[in-house]
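Enquirer: Model the structure of this input:
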Amino acid sequence: MSSKNNQLLLISVKPQYARKIFSGEKTVELRKSAPRKANKDSLLLIYVTSPVKELWGICKIDEIISNNPMDLWDEIGDKTGISKKEYSAYYKKSNNAYGIKLKDIKNFLDNPIKLTLLKDLIPGFAPPQTYRYIDKNIMNLI
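Expert: Numbers count the residues shown, from 1 in each chain. Just a heads-up that it's a prediction; the model follows:
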């Protein structure tokens, strides 16, 4: 992240998509809203939702792209790890689509960080519905 920003972007990802991120099959994470404070080379933590409930890794943002859903699919559909049918269903009621291009993906799969530990380290922590920002000094505790 930029020196003026002391926050990490934390995103929630369903287990089936997280597996594809860490296998390299999925290099673009889709969102209906753009993370405003993040930019190229910002750090992004990947939290895997229920039933896993663990922090699986960290990566850098290569780029955040936006477009209308159909044009974005044409641009990055093969990097999303989902079918066009799933993509269309996800963006069914949206005029805007955002793709977060991921790079330098590092996994914690040998020692994932459980939700219970995250709650101990970050008072009041709750996994985000889509994304949230947390203090990047948390990485010193993990």
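Enquirer: Ile100 against Lys26, yeah?
Expert: No - between Ile100 and Lys26 there is no contact under CB atoms under 8 Å: 10.9 Å. Quick note: C-beta positions are derived from backbone N, CA and C, even for glycine.
Enquirer: Strands of this protein, start to end?
Expert: For the chain, the strands defined by DSSP state E cover 7-13, 28-31, 43-48, 54-67, 97-107, 113-114, 131-135.
Enquirer: Tell me where the model's unsure across the protein.
Expert: Residue ranges of the chain with pLDDT under 70: 1-5, 142.
Enquirer: same thing but at 80, please
Expert: Applying pLDDT under 80 to the chain picks out residues 1-6, 138-142.
Enquirer: Next, count neighbours for Asp71.
Expert: Neighbourhood size, Asp71 [other CB atoms under 10 Å]: 11.
Enquirer: actually Phe22, not the one I typed
Expert: Neighbour tally, Phe22, other CB under 10 Å: 18.
Enquirer: For the residue nearest to it when sequence neighbours are not counted, give the beta-bridge partners.
Expert: Leaving aside its sequence neighbours, Phe22 sits nearest to Asn107 (CB to CB, 6 or more residues apart in numbering; 4.9 Å). Counting by DSSP bridges, Asn107 is bridged to Gly57.
Enquirer: Asn107 against Leu55, yeah?
Expert: No - counting by CB under 8 Å, Asn107 sits too far from Leu55 to count as a contact (10.2 Å).
Enquirer: So for the two, which residue has more residues nearby?
Expert: Between Asn107 and Leu55, Leu55 has the larger neighbour count (other CB under 10 Å), namely 20 against 16.
Enquirer: what's the distance between the more buried one and Leu44?
Expert: From Leu55 across to Leu44, the span is 11 Å (CB to CB, to the nearest Å).
Enquirer: surely Lys84 meets Asp78?
Expert: No - using CB under 8 Å, Lys84 is not in contact with Asp78; the gap is 10.0 Å.
Enquirer: May I have stretch 111-131 exported as PDB, CA atoms only?
Expert: Extracted in PDB, the C-alpha atoms of stretch 111-131 (Å, rounded to 0.1, in the frame of the first residue of the first chain):
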ATOM      1  CA  ASN A 111      -0.700 -22.900   8.700                       C
ATOM      2  CA  PRO A 112      -4.000 -21.200   7.900                       C
ATOM      3  CA  ILE A 113      -5.200 -18.600  10.400                       C
ATOM      4  CA  LYS A 114      -8.500 -19.600  12.000                       C
ATOM      5  CA  LEU A 115     -11.400 -17.200  12.600                       C
ATOM      6  CA  THR A 116     -11.100 -17.700  16.400                       C
ATOM      7  CA  LEU A 117      -7.500 -16.400  16.300                       C
ATOM      8  CA  LEU A 118      -8.500 -13.500  14.100                       C
ATOM      9  CA  LYS A 119     -11.100 -12.600  16.700                       C
ATOM     10  CA  ASP A 120      -8.500 -12.800  19.500                       C
ATOM     11  CA  LEU A 121      -6.100 -10.600  17.600                       C
ATOM     12  CA  ILE A 122      -8.600  -8.000  16.300                       C
ATOM     13  CA  PRO A 123     -11.200  -7.000  18.900                       C
ATOM     14  CA  GLY A 124     -14.600  -6.900  17.400                       C
ATOM     15  CA  PHE A 125     -13.400  -8.700  14.200                       C
ATOM     16  CA  ALA A 126     -16.100 -10.100  12.000                       C
ATOM     17  CA  PRO A 127     -15.500 -11.400   8.500                       C
ATOM     18  CA  PRO A 128     -16.600  -9.000   5.800                       C
ATOM     19  CA  GLN A 129     -19.500  -9.600   3.600                       C
ATOM     20  CA  THR A 130     -17.400  -8.500   0.600                       C
ATOM     21  CA  TYR A 131     -14.400  -6.600   1.900                       C
END
